[in-house]
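>>> Sequence first, then the predicted structure:
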Amino acid sequence: MQLPDAETLCRQLAEQIHSNLQPNTALIGIRTGGEWLARRLHALLGLRQPLGVIDVSFYRDDYGARGLHANPQRTKIPFPIENTPVILVDDVLYTGRTTRAALNEIFDFGRPACIELAVLVDRGGRELPIAARYCAHTLPEPLPASQSLRLEQTENGNLTLRLIHA
Amino acid sequence: MRNPQLNRHGELQHLLTLDGLPREVIISILDHATPFTEVAEREVKKLPLLRGKSIFNLFFENSTRTRTTFEIAAKRLTADVVTLNVSTSSTSKGESLLDTIDNLCAMNADMFVVRHSASGAPVLIAQHLQATGRDHIHVINAGDGRHAHPTQGLLDMYTIRHYKRDFSQLSIAIVGDVLHSRVARSQIAALTTLGVPDLRVIAPKTLLPSAVEKMGVRTFSDMREGLRGVDVVMMLRLQNERMAGALLPTPQEYYKVWGLTPEKLSRAKPDAIVMHPGPINRGIEIDSAVVDGDQAVILPQVTFGIAVRMAVMCMLAGQ
């Protein structure tokens, strides 16, 4: 399957978001792919609010089965969440469980004015009632569960999509 | 023989002592604690990691700080925590330790945090759980007799790493009642494992265990000499309640010779930090001016202790 160019998708996503921006809109990227993407969008959109970064490890619903194996990083939300319009940014939208975990975590910081979801690619396979308001590319057919689609960042900072067969 | 604290995959099953705990496990606990320090700054100081787990704090010996920080750690992880004090429990009516444990297991306990005046009580509980096929229940030693206080040792390591970064460059002095101190044993075990090149113990001869040099430390009986050039001063509490017989002259005399005063502290490096596991005896083992001075990190130790205990609980329950 031919994957679209992540850099092009990133610019398209910024254009989609741009027309709906409010003066105090803030971005929160989900580690790690979503953080890279959010960093790029933050620069392209010239936002005033500092960038937020979230690590949802502590909020995952499979924690009981998987445990604390990976090394979780700090969540950093350097602006008041209260009454702020938030755009949650992730690289690939799949089951929706990561988004669910991120929503729960954000509400532990306060009550935002609203939360919208922006993703680079929707790969299908949702297990929760979650949809992205902004999405640069939807795969024509849902990917099988044995395959993993992820965003990577090269040494010079370029974003690329990679498909991994398990 | 397999380390009784680790399961067959080398993961932490119980936390009983830092003695013999592999370096990578200690480092992993410290690494896991870091993101937990940030939870206290949130509007909702809670993470859902241990939602639905029942944690029993069993305190057969008095403690305020350790009990409270374990309780806060469990609550910040959304566990249900029950604290039992011996004075109000059925052990005062003659129930044995393991009968108490069996009863709490029948209430579907997931974890025990145990403080006991008898060395080895948490190990006994862990062995009992294993022998009765209850491997899913975890034990954390919150201080047993003169044996070990592993979470205190770990929070001390976290504090040292926070301020001094690299263990392999440090001179560290442990000062005071080493003989009665489970804290000192845990500190020495961890500091040795983490590769501290210059580890010193400063104490009156009567308060030194007989084979302390075998633990890889240098001993000093002159405090000013022992503190010369150290990066970290780890004070111990003078344990009056464990003092049987005349090991010491009066508290006033102890303060004169062994109390940490600003003058004695000036022998250490100018940026040395001063630690104390609490509760502090002002004017006995440490001068008020040092406790309240810039070099003391005694209160940050308490705060870090919550994050470290959260990390330990999660690593056990997440297996």
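Here it is on my side, so go on. Residues are numbered from 1 along each chain as shown, chains lettered A, B, ... in the order given.

>>> How about stretch B:63-76 and chain A, any contact?
No: applying C-beta under 8 Å from any C-beta of the partner chain, one finds stretch B:63-76 separated from chain A by no less than 10.5 Å. In short, each C-beta sits where N, CA and C put it, glycine included.

>>> buried stuff in that stretch?
Buried positions in stretch B:63-76, judged by neighbour count with 16 or more other C-beta atoms under 10 Å in any protein chain shown: B:63, B:66-67, B:69-76.

>>> Throw those into a markdown table and include pLDDT, thanks.
As requested, those are arranged in a markdown table below (pLDDT from 0 to 100):
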| residue | pLDDT |
| --- | --- |
| B:S63 | 87 |
| B:T66 | 93 |
| B:R67 | 93 |
| B:T69 | 96 |
| B:F70 | 97 |
| B:E71 | 96 |
| B:I72 | 96 |
| B:A73 | 97 |
| B:A74 | 97 |
| B:K75 | 96 |
| B:R76 | 96 |
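
>>> By mean pLDDT, point me to the weakest helix or strand of chain A.
Every helix and strand in chain A was compared by mean pLDDT, DSSP states H and E; the lowest is helix A:63-66, with a mean of 65.

>>> B:F304: neighbour count?
Neighbours of B:F304 under the rule other C-beta atoms under 10 Å in any protein chain shown: 25.

>>> For the helix or strand hosting it, list the C-alpha coordinates in CSV.
Assigned by DSSP states H and E, B:F304 belongs to helix B:298-317. In CSV, the C-alpha atoms belonging to helix B:298-317 read as follows (Å, rounded to 0.1, in the frame of the first residue of the first chain):
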residue,chain,number,x,y,z
ILE,B,298,14.6,17.0,54.6
LEU,B,299,11.1,18.2,53.4
PRO,B,300,11.8,17.4,49.7
GLN,B,301,12.6,13.9,50.9
VAL,B,302,9.1,13.6,52.3
THR,B,303,7.6,14.8,49.0
PHE,B,304,9.8,12.5,46.9
GLY,B,305,8.8,9.6,49.2
ILE,B,306,5.2,9.8,48.0
ALA,B,307,6.3,9.5,44.3
VAL,B,308,8.7,6.6,45.1
ARG,B,309,6.0,4.7,47.0
MET,B,310,3.6,5.2,44.1
ALA,B,311,6.2,3.8,41.8
VAL,B,312,6.8,0.7,44.0
MET,B,313,3.1,0.0,44.3
CYS,B,314,2.5,0.3,40.6
MET,B,315,5.4,-1.9,39.7
LEU,B,316,4.2,-4.6,42.1
ALA,B,317,0.5,-4.4,41.1
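
>>> so where do the helices sit in chain A?
Counting by DSSP state H, chain A has helices at residues A:6-18, A:33-45, A:63-66, A:97-107.

>>> what separates the helix holding B:F304 from the chain centre, distance-wise?
Chain-centre distance of helix B:298-317: 10 Å, with C-alpha atoms, centre = their mean, to the nearest Å.

>>> Same question for stretch B:228-241.
The chain centroid and the centroid of stretch B:228-241 are separated by 14 Å, computed with C-alpha atoms, centre = their mean.

>>> Can I get it in PDB, CA atoms only?
Extracted C-alpha coordinates of stretch B:228-241, given in PDB (Å, rounded to 0.1, in the frame of the first residue of the first chain):
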ATOM      1  CA  ARG B 228      35.500  16.500  55.300                       C
ATOM      2  CA  GLY B 229      34.700  17.000  51.600                       C
ATOM      3  CA  VAL B 230      31.500  15.000  51.500                       C
ATOM      4  CA  ASP B 231      28.700  15.800  49.000                       C
ATOM      5  CA  VAL B 232      25.900  14.300  51.000                       C
ATOM      6  CA  VAL B 233      25.300  14.100  54.800                       C
ATOM      7  CA  MET B 234      22.700  11.500  55.700                       C
ATOM      8  CA  MET B 235      21.700  12.000  59.400                       C
ATOM      9  CA  LEU B 236      20.000   9.300  61.400                       C
ATOM     10  CA  ARG B 237      17.600   9.700  64.200                       C
ATOM     11  CA  LEU B 238      18.900   8.800  67.700                       C
ATOM     12  CA  GLN B 239      16.500   6.000  68.600                       C
ATOM     13  CA  ASN B 240      15.800   6.500  72.200                       C
ATOM     14  CA  GLU B 241      13.000   3.800  72.200                       C
END
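
>>> buried sites along it?
B:230-239.

>>> Just give me the closest of these to B:G153.
Distance to B:G153 across the buried residues of stretch B:228-241 (C-beta to C-beta) is lowest for B:M234, with 10.3 Å.

>>> hang on, the earlier thing: sitting in helices, which of the buried residues of stretch B:63-76 do you find?
Counting by DSSP H, the buried residues of stretch B:63-76 place B:66-67, B:69-76 in helices.

>>> Beta-bridge partners for the one residue sitting closest to the centre of chain A, please?
Chain A has A:D90 as the residue nearest its centroid, 1.2 Å off, counting by C-alpha atoms, centre = their mean. Beta bridges link A:D90 to A:V119 when assigned by DSSP bridges.

>>> Model confidence for B:H136, exactly?
In this prediction, B:H136 carries a pLDDT score of 93.

>>> Excluding chain neighbours, what is closest to it?
B:D110 (7.4 Å; C-beta to C-beta, 6 or more residues apart in numbering or on different chains).

>>> again with A:F107
B:V44 (7.7 Å).
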